[in-house]
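**Student:** Based on what follows, work out the 3D shape:
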Amino acid sequence: MSVRSTLLLALFALTSESAVAGLCGIPSYNCCPTQACAPSCCYTTCRVATETCYRTVCNTVYEPETYTAKRTVYENVCENVEETCYRLVTETACREETYTVSRPVVETATRQETYTVRRPVWDTGFRECKYTVQRPVWEDHVRECKYTVMEPVCETRERECRRVVMKPVTRTIEQERCYTVMKCETRTRCVRRVVGQWVTQKHCIPGPMIPRMVSGPWGPRVCMTQAPPRTICRRVWCPKVVQQDVPYQVMVPQVVRKKCPVTYTCMVPETVVTKIPYKVTKMVPKEMTRRIPYKVCKMVCEEETQRIPYRTCRFVTEEKTREIPHTTCRMVQEQRTRKIPYCVTRKVPYTVTRKVSRLVPREVETTCTRMVAKQVTRRLPYTRTYLIREPVCCPTPAACPTCGG
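**Tutor:** Sure thing, here's the model as predicted:
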């Protein structure tokens, strides 16, 4: 029996339980008799053996190394140096200067001015107003059963009283004026827009490859079977360019003619009507059912005259004179002298000692450390796996042709 057959039998032994569970026990050999499953001849099996081996590995190691080096160090040295400098000394001197100034002279004078004023004059007049009054007249009567008495009832009435007054009246006239305004005008322009719609597309995705155990003439074997395909739907955006007229607004200057009202005030005579209340008494008849003396009141109309005063305003023009003081200013020139200070600058020498620094080099020994690479060899263990072939004899040597039984 070959090594390939041995490996297949071992793989079948390891996967028998999973194969039986995955295929619901269809390829299982549990139903076969024991004599049919027993080996009929000698065969060779392979056993897995493990051993530990060593290999040589070369690594690079860095070790510190100390060495001595020289470096240059610069030191600052200061020296005193004398230097002559000059400073500016400012002195003040004065000079005389003659100049001319203008002095204002203020004079006060008086002038007469004539102006016109309008003085209101009130005139008092009388007008006659006639009105009617009712005077009660009483009469004595006797009635047996029923009688009528007059009960007084007061009634308030009004009469008109007219008078003339000067009333300021505001009048308006119209004047035409021109001005420029910005008028909003709507225009249209063509704009290209990108529009579209969502379209549902169907895509077919093939199924995955699934391993399955299939029984054959040489025993069960693994076969890759493709699963049925599935269909998915997804939405795809389909763009489309559309031309559209879009309105927009611009401001256009326009000349507008407008009539503007102009207001002025003038005095206009006006008649004012005033209502004066007065009371009038009326007698209301009332019937009685017993015999008693009674009085009857009759109203007699009488006409009376009343003088009502009223006032009239008129304006009288008068001329008046007033004295207005005014001030006159004139300029008078004068000669004056003033002293003007000015500055004189001169240089004064002085000595200054300052320190000047300079760099002096010198060499200094310094101990440094550097890393030196070194190769180190070591042995690393690893595990090696290999197969050992072992012969297996038949349990019934008489039936085995190899053993010669």
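**Student:** Next one: the closest residue to Arg330 other than its chain neighbours from Val236, what distance?
**Tutor:** With C-beta to C-beta, 6 or more residues apart in numbering as the criterion, Arg330 has its nearest non-adjacent residue at 5.3 Å, and that residue is Val105. Placement of C-beta: from N, CA and C, glycine included. In this view, Val105 and Val236 are 103 Å apart by C-beta to C-beta, to the nearest Å.
**Student:** Gln243: what's it in contact with?
**Tutor:** By C-beta atoms under 8 Å, 6 or more residues apart in numbering, the contact set of Gln243 is 190-193.
**Student:** can you check Arg187 too?
**Tutor:** Contacts for Arg187 (C-beta under 8 Å, 6+ apart) come out as 247-250.
**Student:** can you rerun that using 6 Å?
**Tutor:** By C-beta atoms under 6 Å, 6 or more residues apart in numbering, the contact list for Arg187 reads Tyr248.
**Student:** Equivalent analysis for the one 3 residues further on, please.
**Tutor:** Under the criterion of C-beta under 6 Å, 6+ apart, the contact list for Cys190 reads 243, 245.
**Student:** Partner strands of the host helix or strand of it, with direction?
**Tutor:** Assigned by DSSP states H and E, Cys190 belongs to strand 147-205. Strand pairing for strand 147-205, using DSSP bridges, gives strand 230-288 (antiparallel).
**Student:** List the strands paired with the next helix or strand after the partner strand, with their directions.
**Tutor:** Using DSSP H and E, the next helix or strand after strand 230-288 towards the C-terminus is strand 292-392. Taking DSSP bridges as the criterion, strand 292-392 forms sheet pairs with strand 43-143 (antiparallel).
**Student:** who touches Gln249 in this structure?
**Tutor:** 184, 186.
**Student:** Show me the shaky parts of this structure.
**Tutor:** The model of the chain has pLDDT under 70 over residues 1-43, 394-405.
**Student:** let's go with 80 and repeat that
**Tutor:** Low-confidence segments of the chain (pLDDT under 80): 1-46, 143-147, 194, 196, 212-223, 288-294, 326, 391-405.
**Student:** Look at the closest residue to Met288 other than its chain neighbours and say how many residues are nearby.
**Tutor:** In this structure, Met288 finds its nearest non-sequential neighbour in Tyr147, 4.5 Å apart by C-beta to C-beta, 6+ apart. Neighbour count for Tyr147, taken as other C-beta atoms under 10 Å: 19.
**Student:** Please apply the same query to the one 10 residues further on.
**Tutor:** By the measure other C-beta under 10 Å, the count of residues near Arg157 is 11.
**Student:** Tell me how far it lies from Glu302.
**Tutor:** 16 Å.
**Student:** same thing with Met150?
**Tutor:** In this view, Met150 and Glu302 are 19 Å apart by C-beta to C-beta.
**Student:** Comparing these two, which shows the higher neighbour count?
**Tutor:** Met150 (18 against 10).
**Student:** now the more buried one, nearest residue through space, not along the chain?
**Tutor:** Nearest to Met150 is Met283, by C-beta to C-beta, 6+ apart, at 3.4 Å.
**Student:** what about the residue nearest to Pro239 when sequence neighbours are not counted, neighbour count?
**Tutor:** Excluding its sequence neighbours, the residue lying closest to Pro239 (C-beta to C-beta, 6+ apart) is Gly196, at 4.2 Å. Around Gly196 there are 12 other residues, counting by other C-beta under 10 Å.
**Student:** CA atoms of stretch 93-112 as PDB?
**Tutor:** Provided in PDB are the C-alpha atoms of stretch 93-112 (Å, rounded to 0.1, in the frame of the first residue of the first chain):
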ATOM      1  CA  ALA A  93      22.000 133.800  23.000                       C
ATOM      2  CA  CYS A  94      19.500 136.500  22.300                       C
ATOM      3  CA  ARG A  95      19.000 139.000  19.400                       C
ATOM      4  CA  GLU A  96      16.600 141.900  19.100                       C
ATOM      5  CA  GLU A  97      14.000 142.000  16.300                       C
ATOM      6  CA  THR A  98      11.500 144.800  15.400                       C
ATOM      7  CA  TYR A  99       8.100 143.900  14.100                       C
ATOM      8  CA  THR A 100       4.800 145.600  13.200                       C
ATOM      9  CA  VAL A 101       1.500 144.500  14.800                       C
ATOM     10  CA  SER A 102      -2.100 145.600  14.100                       C
ATOM     11  CA  ARG A 103      -4.200 146.600  17.100                       C
ATOM     12  CA  PRO A 104      -8.000 146.500  16.800                       C
ATOM     13  CA  VAL A 105      -9.800 149.700  17.900                       C
ATOM     14  CA  VAL A 106     -13.500 149.100  18.600                       C
ATOM     15  CA  GLU A 107     -16.000 152.100  18.100                       C
ATOM     16  CA  THR A 108     -19.700 152.000  19.100                       C
ATOM     17  CA  ALA A 109     -22.400 153.900  17.000                       C
ATOM     18  CA  THR A 110     -26.200 154.000  16.800                       C
ATOM     19  CA  ARG A 111     -28.500 153.900  13.800                       C
ATOM     20  CA  GLN A 112     -32.200 154.400  13.500                       C
END
